[in-house]
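Q: below: sequence and its predicted model.
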Amino acid sequence: MTTSTPPTASGTTDVVLEAEGLTKHFPVRKRGRELLSRTARSVRAVEDVSLRLRRGRVTALVGESGSGKSSVARLLAQLHLQTSGTIKLHGEEVNAKGGRKFRAYGKRVQMIFQDPFASLNPVHTVRYHLTRALKIHGRAGKTPQDLEEALHDLLTRVQLTPAERYVDKFPHELSGGQRQRVAIARALGADPEALLADEPVSMLDVSIRLGVLNLLRDLKDRLRLAILYITHDIASARYFADETYVMYAGRVVEGGDSESVTQRPAHPYTQLLIDSAPDPDRPAAEEKDGGAGEPPSLIDPPAGCRFNPRCPHAMPICTEQVPPRFDVGEGHFAACWLYKEDGA
């Protein structure tokens, strides 16, 4: 098998947002005796991540807590600045460090946060939140009537109808699902091309999660949005996403179309992730715990493949060299030495 190298997407019309070699190290504050040390320590939260978000498609980023998924979203939103690597919007490198550049970038790339109650100001109404978004991005119109029509349109898009029932309510007067719909409406107020959804349904009741995912899918189809869907639930990635990338300890270990990744997982971590997910058709005795041990420290990660301490197939090379992406068929890749040409 051969090493998979993604095609160059710069200038390709359907690629909205892309990351190449994205890396983020967070410095660790020194305490006590460490203040005397000259060695700088850092949390290696994201390491050499490359992915592409395409118009009218959903890309899922899946992994357990602490794998770096949310950090990738914040890097793409330019809420954090990368340590190295590049972010490109329609093939042009992004450098939105603040001010007008950041506002212009935010008009095209919006983020939906995990907790809708925390992301909405509890002392302001829905009207305030949506009006502010419309005014910041120049979409409030010229007259009060234009503004009312824009507010009505946003609430209708996220299926909060009749709009008059919701526009003057405070966040605490809404259910969790309704609050998340308001947060989505606020993001749509910028008329973005890409949405970065950071676990948008994990804080919601199970009974209403599907409704919010269906809403995002409908918006993707109608508005031709490029969506990054971050989740720890690989089963929902199969249902909702066109493509799925799997992250472990800051690195992408597998990727491809969602059907292939979830039904024919190639990387041992993806296999264990799927096996550990609850399945009503599988006896409880067969449920697995996702691999022995705990995720590694990102301050001092293992050499080679970061999954090697937990991997049931670890070989000597796994502890020495970081595996590249190997092609396992039809655009499906796995960063695992098991797929080396002369390997098992």
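A: Everything's here; your move.

Q: element containing residue 186?
A: In the assignment (DSSP states H and E), residue 186 maps to helix 176-188.

Q: give the buried residues for stretch 201-213.
A: The neighbour-count check on stretch 201-213 (16 or more other Cβ atoms under 10 Å) flags 201, 203-204, 208-209, 212-213 as buried. C-beta here means a position set from N, CA and C on the backbone, and glycine is covered the same way.

Q: show me which pair in the residues you listed is furthest apart.
A: The two members of those with the most space between them (Cβ to Cβ) are 203 and 213, at 13.6 Å.

Q: residue boundaries of the strands in this protein?
A: 15-27, 42-54, 58-62, 84-89, 92-93, 109-112, 194-198, 226-231, 243-248, 251-257, 326-329, 332-334 (DSSP state E).

Q: turn those strands into TSV, including mean pLDDT.
A: Below are the strands of the chain laid out as TSV (pLDDT from 0 to 100):
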stretch	mean pLDDT
strand 15-27	95
strand 42-54	95
strand 58-62	97
strand 84-89	96
strand 92-93	94
strand 109-112	96
strand 194-198	96
strand 226-231	96
strand 243-248	96
strand 251-257	96
strand 326-329	92
strand 332-334	96
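
Q: among those, which comes closest to residue 340?
A: That would be, of the strands of the chain and by Cβ to Cβ, strand 326-329, which comes in at 6.7 Å.

Q: packing partners of that closest one?
A: Helices and strands touching strand 326-329, by 3 or more Cβ pairs under 8 Å, 6 or more residues apart in numbering; DSSP states H and E, are strand 332-334.

Q: any idea of the pLDDT on residue 31?
A: On pLDDT, residue 31 comes in at 65.

Q: so where is the stretch 101-250 of the chain shaky, pLDDT-wise?
A: For the stretch 101-250 of the chain, not a single residue meets the criterion pLDDT under 70.

Q: now do the residue nearest the centre of the chain against residue 151, distance only.
A: Taking Cα atoms, centre = their mean, the centroid of the chain lies closest to residue 230, which sits 3.4 Å from it. As judged by Cβ to Cβ, to the nearest Å, residue 230 and residue 151 stand 28 Å apart.

Q: and what of residue 134?
A: 8 Å.

Q: endpoints of stretch 150-168, how far apart?
A: 15 Å (Cα to Cα, to the nearest Å).

Q: swap that for stretch 302-309, please
A: 8 Å.

Q: buried sites along that stretch?
A: Here stretch 302-309 shows 304-309 as buried, counting by 16+ other Cβ under 10 Å.

Q: residue 269: which of the residues you listed is nearest?
A: Using Cβ to Cβ, these come closest to residue 269 at residue 307, 5.0 Å.

Q: which ones are touching that closest one?
A: By Cβ atoms under 8 Å, 6 or more residues apart in numbering, residue 307 lies in contact with 248-249, 253, 267-269, 291.

Q: all helices for the stretch 151-300 of the chain, in order.
A: Here the stretch 151-300 of the chain has its helices, by DSSP state H, counting those that start in this stretch, at 176-188, 206-223, 234-240, 258-263, 268-275.

Q: can you redo those as TSV with distance to residue 169?
A: Listed next are the helices of the stretch 151-300 of the chain as TSV, based on distance: least, Cβ to Cβ, whole Å:
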stretch	distance to residue 169
helix 176-188	9
helix 206-223	17
helix 234-240	28
helix 258-263	36
helix 268-275	39
